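1. starting from these lines, generate the structure:
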Amino acid sequence: MKLKALPNRLYNIIFHTHTVAGLLISALLYIIFFAGAFTLFKNDYFLWEHPELRQYEAVKPDFDKMIPEISSRINNFDWEDETFIMLPSAEHPLIRIFGHVKKPGSDHEHVSLQYHPASDTYYEEENTTIGETLYRLHFLDQIPYAGRYIAGLVALFFLFTTFTGVLIHWKNILNKFTGFSLKGGLKQLWTSAHTVFGLLGLPFQIMYAVTGAFYLLSILILAPVVLLFFNGDREKAFELVRPTEAVVSAYDPVPADDLHPLGEIMSGVEEQYPDYRLRFIQIKAYGRADALVHVSMEREDILAGEALLSYSLKDGSQLLEVLPGKNKGYKDSILNTMDRLHFGDYGGIFLRVIYFLLALITCFIIISGILLWKAARNKNSYTPEQKRFHHRVTIFHLAVCLGLFPAVPVLFCAELLVPYTGSEHVFWVRTAFFISWLLFVLIGLLLKTEMRQTYTYLFLAGIGALAVPVVNGIQTGDWFWGSLAKGIYAVAVIDLCWLFTGILCLVLTGFCRKRYITG
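-> Here you go, the predicted model:
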């Protein structure tokens, strides 16, 4: 089946802009998608990182006990300001508290604290490394000041290359899709792979490009909107998309010692809304007669499943109820829908696995695009010097991209091998990860062919992946069969996935061995 082709001049313009834009963003885009694939399971790494918490079963937090405990641990904790409390889950059993401390003569200082209700333990330092490191890497947050904006621009360019790619292959895209073959030269192979896998992941890639650009460049979008439609009043704009911002009680600065118990309100919420999972609560003006608590919940089986509730802590009365399918409109759904689309947390573990595979497919599309760019320039019309330049560019891009693969198991191993020394632990684990990635990149730059790079990185990743369950077993005693027997399934699945990955990588090196020796 053939569709109407683009005019030749327009085709050439789109083809060259697609090639240039794709090559410019390819390495950064690969990093974003590869790190983002692991970020989908960010919370699932927590128990693997913290062997001391694996033995505890989940318990309900005692909010009325926790609040005075926080005040005693953090001097001048300002309960009159907004305080966010992220509620625990089976994957991440810690309660995370984000608030402010009063500082005389200066603005309030942000402070965070984490609490494990089952062991009654408080953590004042950052205590997640693997998930947080990869999460921040997937929007380039390690680049000071500009990282997020660079990632946002990459997302915009990715959207552009996606649409231009469809236009380039529009004439016979269906024939290319159904006629995929491993036969033929390298150019034909990479063209077919790039086209077929690009078409398979097209809706996923467009969704990620749009939601990623929205998140990372939202300040550039929202600032003009606030100025034009809300006369610069930021609070009015927030009230439109977050109904809880519009909920206020009569201002009453009088201290109140007899507020309605927060634990009683939360128990009532759980009983009244059994189909919802509690996400976080926001406390305002706690300790005053006008104190409020906002509750965020979600239905995990609905895309726009977030629900919002507000209560007065003076008497426990409900001030707001926004539920999907009842009184939740478009403006109340848009931000939560974008969030759930991006992170794939509306369809359970099965959907996240699909997201993970699609992200890896996108990484393959990027690699095939780089190799296609080089293969297309292996012509007599290019001078030997130009061909050497094309080769060096390809080797560099592949080293940066593929070098990240064996660095990820180093991050996992370092988490358990580096002794815990408070905040220094996080620093040294991340240092091990980034230095190993740099070393792997340098190794790749010394290799002369793409096949040698592929073989080397598969071998290094295979050894590193096999090391992950071994390090966990030696350091904690929780070998995957023991974790399965104890019911610690998150830990066992992570070990088994790395074990399977290691075996697969080493098997693939066997297929690459012949070409590696003769290459």
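
2. so how far is stretch 335-344 off the chain centroid?
-> Remark: stretch 335-344 is offset 11 Å from the chain centroid, using CA atoms, centre = their mean, to the nearest Å.

3. now that stretch: buried residues?
-> For stretch 335-344, a neighbour-count test (16 or more other CB atoms under 10 Å) marks 335-338, 340-344 as buried. Where C-beta positions appear, they are placed from N, C-alpha and C, glycine not excepted.

4. list the contacts of whichever strand or helix holds residue 213.
-> Using DSSP states H and E, the element containing residue 213 is helix 202-216. Residues from elsewhere that reach helix 202-216 (CB atoms under 8 Å, 6 or more residues apart in numbering): 32-33, 36, 139, 148-149, 151-152, 155-156, 158-159, 162, 166, 198, 221, 338, 341-342, 355, 358, 362.

5. where do the strands sit along the chain?
-> In the chain, the strands defined using DSSP state E lie at 83-86, 95-101, 109-116, 121-123, 277-284, 292-298, 306-312, 318-322.

6. in terms of mean pLDDT, which of the ones you listed ranks lowest?
-> Here the lowest mean pLDDT among those goes to strand 121-123, at a mean of 77.

7. quick one: list the elements packing against it.
-> The contact analysis (3 or more CB pairs under 8 Å, 6 or more residues apart in numbering; DSSP states H and E) places strand 121-123 against strand 109-116.

8. tell me how far the strand it packs on is from the chain's mean position?
-> For strand 109-116, the distance to the chain centre is 22 Å (CA atoms, centre = their mean).

9. which parts of that strand are buried?
-> 111, 113-116.

10. and those, which two are the farthest apart?
-> 111 and 116 (18.0 Å; CB to CB).

11. and the strands of the chain as CSV, adding distance to residue 450?
-> As requested, the strands of the chain are exported to CSV (distance: least, CB to CB, whole Å):
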stretch, distance to residue 450
strand 83-86, 45
strand 95-101, 44
strand 109-116, 45
strand 121-123, 45
strand 277-284, 45
strand 292-298, 45
strand 306-312, 46
strand 318-322, 54
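
12. residue 385 is nearest to which of those?
-> Nearest of these (CB to CB): strand 109-116, 54.6 Å.

13. the closest one versus strand 95-101: what angle between them?
-> Interaxial angle, strand 109-116 versus strand 95-101 (axes from the mean of the first three to the mean of the last three CA atoms, to 10 degrees): 160 degrees.

14. strand 109-116 - contacts with which helices or strands?
-> helix 63-73, strand 95-101, strand 121-123.

15. right, and the ones you listed - which one's nearest residue 131?
-> strand 95-101 (13.0 Å).

16. gap between the closest one and the chain center?
-> The answer for strand 95-101 is 22 Å, by CA atoms, centre = their mean.

17. same question, stretch 88-107
-> With CA atoms, centre = their mean, you get 21 Å for stretch 88-107.

18. tell me the mean pLDDT over stretch 53-68?
-> pLDDT averaged over stretch 53-68 gives 80.

19. that should have said stretch 466-485, apologies.
-> pLDDT averaged over stretch 466-485 gives 93.

20. contact partners of that stretch?
-> 48, 51, 54, 409, 412-413, 416-417, 486, 488-489, 491-492, 494-496, 498-499, 502-503, 506.

21. helices - which of the residues you listed land there?
-> Within those, residues falling in helices by DSSP state H are 48, 409, 412-413, 416-417, 486, 489, 491-492, 494-496, 498-499, 502-503, 506.

22. buried subset of the residues you listed?
-> 48, 409, 412-413, 416, 491-492, 494-495, 498-499, 502, 506.

23. could you dump the residues you listed to CSV with distance to residue 143?
-> Formatted as CSV, these follow (distance: CB to CB, whole Å):
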residue, distance to residue 143
48, 28
409, 24
412, 23
413, 25
416, 28
491, 32
492, 36
494, 28
495, 32
498, 28
499, 34
502, 31
506, 34
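
24. from those residues, which is closest to residue 293?
-> residue 48 (33.0 Å).

25. contacting residues for that closest one?
-> 130, 412, 472, 490-491, 494.

26. just flag the most distant two among the residues you listed.
-> Farthest apart among these - using CB to CB - are 412 and 490, which lie 13.6 Å from each other.

27. what sits up against stretch 137-146?
-> 28, 31-33, 35-36, 39, 136, 147-148, 150-151, 212, 215-216, 434.

28. related to what we said a few turns ago, distance to residue 102 added to the buried residues of strand 109-116, as TSV?
-> Formatted as TSV, those follow (distance: CB to CB, whole Å):
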residue	distance to residue 102
111	10
113	16
114	21
115	21
116	27
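
29. thanks a lot, see you next time.
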